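# Coordinates for the following, if possible.
(one chain, ligands or ions: 1)
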Amino acid sequence: MGGFPRGGGWAPTTTLLHMDGIEPAVTSAVTLTGVHKRFGRGKNATHALRGVNAAIAKGSFTAVMGPSGSGKSSLLQCAAGLDRPSSGSVKLGDLELSRMMERRLTTIRRERIGFVFQAYNILTALTVEQNVLMPLRLAGAELDRERVVEVLTLVGMERHVKARAGRLSGGEQQRVAIARSLINNPEVVFADEPTGALDPSAAADVLALLRSLVDERSVTVVMVTHEPGAAAWADRVVILASGEIAHDTTDTDPQRIRERIFEASRRTVPVPVPPSKTHQGSRA
Ligand SMILES: Nc1ncnc2c1ncn2[C@@H]1O[C@H](COP(=O)(O)OP(=O)(O)OP(=O)(O)O)[C@@H](O)[C@H]1O
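Residues are numbered from 1 along each chain as shown. So this is what the prediction gives:
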């Protein structure tokens, strides 16, 4: 990853609070209360999340980390309304997502949430503009080409508006994916390993971009990452262990994050491994 992003004068802000019976701040972009996620039933059930409580403040950058299988993707999927918790509440602002009908949830995701994935999910045969317009097209909304230029300018890709996406580098494609995630002016951008496929320099560019969107545009970013160096760009790091929050800290020093993840992995209880890999099909 691209080294330490910040100067020593940076002061962390309180962006994510353990709830522990305390009412969430009204400024929360996303609030999880007692979120459990269970896959399967009976003794073969996997408890991916075990009562997660968290409030993510608007305009903050949160990194979600933890050992493999600790529940990071499950947390992201539930928080983003891509999957439903088995119990508990997930709110986007004041809106309860967990019991919402699928059709309404789809609309909410399209209109109010942005997604960025490791594999960019860019359609390489289309132009940059066509890719960025895709969420509007899918929503049947007006194709606002001025907004396309605006979001491409935010990510430094406005010169490539008519370029075929397949000609761009991985880092450039990820920038386009971030522009696409912003086209609807979302309340929250969820990023799942957004730098996982990038070289260190392109990764640093993408992280600096996410950071600047938070600092300069008050975008709320929640990012799952395995990389302590990537998490160092966030305001706050939430470390999961066996589906619970083991650490929730504004200390984003990569070495200390590494130590905390190591510690979390030692307290990870073995969870049953599903007999097939079918669950991977549920990933977005
Ligand atoms: N659809 C599913 N069906 C069954 N089990 C699942 C499903 N999705 C996730 N799991 C299990 O839930 C647990 C948490 O998985 P999750 O993918 O959320 O962890 P993670 O921290 O994102 O892991 P990784 O870093 O390896 O991607 C794991 O034991 C996983 O095997």
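# quick one, helices of the chain?
Per DSSP state H, the chain carries helices over the ranges 72-79, 102-112, 128-138, 145-154, 170-182, 200-217, 228-231, 254-266.
# Ok, which of those comes nearest the ligand?
Between the ligand and those, the tightest spacing by C-beta to the nearest ligand atom is seen for helix 72-79, at 3.3 Å. The way it works is simple: take the backbone N, C-alpha and C, and place the C-beta from them, glycine included.
# what packs against that closest one?
strand 28-39, strand 46-57, strand 61-65, strand 188-192, strand 220-224 (3 or more C-beta pairs under 8 Å, 6 or more residues apart in numbering; DSSP states H and E).
# Any buried residues in stretch 224-242, and which?
224-225, 227-242 (16 or more other C-beta atoms under 10 Å).
# low pLDDT regions in the stretch 1-150 of the chain?
1-26, 120 (pLDDT under 70).
# which parts of it sit against the ligand?
Phe39, Gly40, Thr46, Ala48, Gly66, Ser68, Gly69, Ser70, Gly71, Lys72, Ser73, Ser74 (C-beta under 6 Å from any ligand atom).
# Check those and tell me the two furthest apart.
Spatially, the most separated pair among these is Gly40 and Gly66, at 20.7 Å (C-beta to C-beta).
# So which of the two has more stuff around it?
Just comparing Gly40 and Gly66: by other C-beta atoms under 10 Å the higher neighbour count belongs to Gly66, 27 against 13.
# Tell me who's in contact with the closest residue in space to that one that isn't next to it in sequence.
Nearest non-adjacent residue to Gly66, counting by C-beta to C-beta, 6 or more residues apart in numbering: Leu240, 3.5 Å away. Neighbouring residues of Leu240 by C-beta atoms under 8 Å, 6 or more residues apart in numbering: Val52, Val64, Met65, Gly66, Ser70, Gly71, Lys72, Leu75, Ala246, Ala264.
# if I read this right, Ala55 contacts Ser28, doesn't it?
Yes. Ala55 lies in contact with Ser28 (C-beta atoms under 8 Å); the separation is 4.2 Å.
# returning to that earlier point: could the helices of the chain be laid out in JSON lines, adding distance to Val189?
JSON lines is the format used below for those (distance: least, C-beta to C-beta, whole Å):
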{"stretch": "helix 72-79", "distance to Val189": "11"}
{"stretch": "helix 102-112", "distance to Val189": "11"}
{"stretch": "helix 128-138", "distance to Val189": "12"}
{"stretch": "helix 145-154", "distance to Val189": "12"}
{"stretch": "helix 170-182", "distance to Val189": "5"}
{"stretch": "helix 200-217", "distance to Val189": "7"}
{"stretch": "helix 228-231", "distance to Val189": "15"}
{"stretch": "helix 254-266", "distance to Val189": "21"}
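# how about low-confidence regions in the stretch 151-284 of the chain?
268-284.
# now do 50
Counting by pLDDT under 50, the stretch 151-284 of the chain has low-confidence residues at 278, 280-284.
# List the residues that contact Glu263.
Shown in contact with Glu263 (C-beta under 8 Å, 6+ apart): Ala246.
# And it, how far from Gly88?
26 Å (C-beta to C-beta, to the nearest Å).
# Could I get the contacting residues of His226?
Contacts of His226 (C-beta under 8 Å, 6+ apart): Met65, Glu193, Gly196.
# measure the first one to Glu227 for me?
Right, Met65. 9 Å.
# need the contact list for Asp199.
Gly170, Gly171.
# Then Leu92?
Here Leu92 is in contact with Ala29, Val30, Gly81, Ile108, Arg112, Ile113, Glu187, Val188 (C-beta under 8 Å, 6+ apart).
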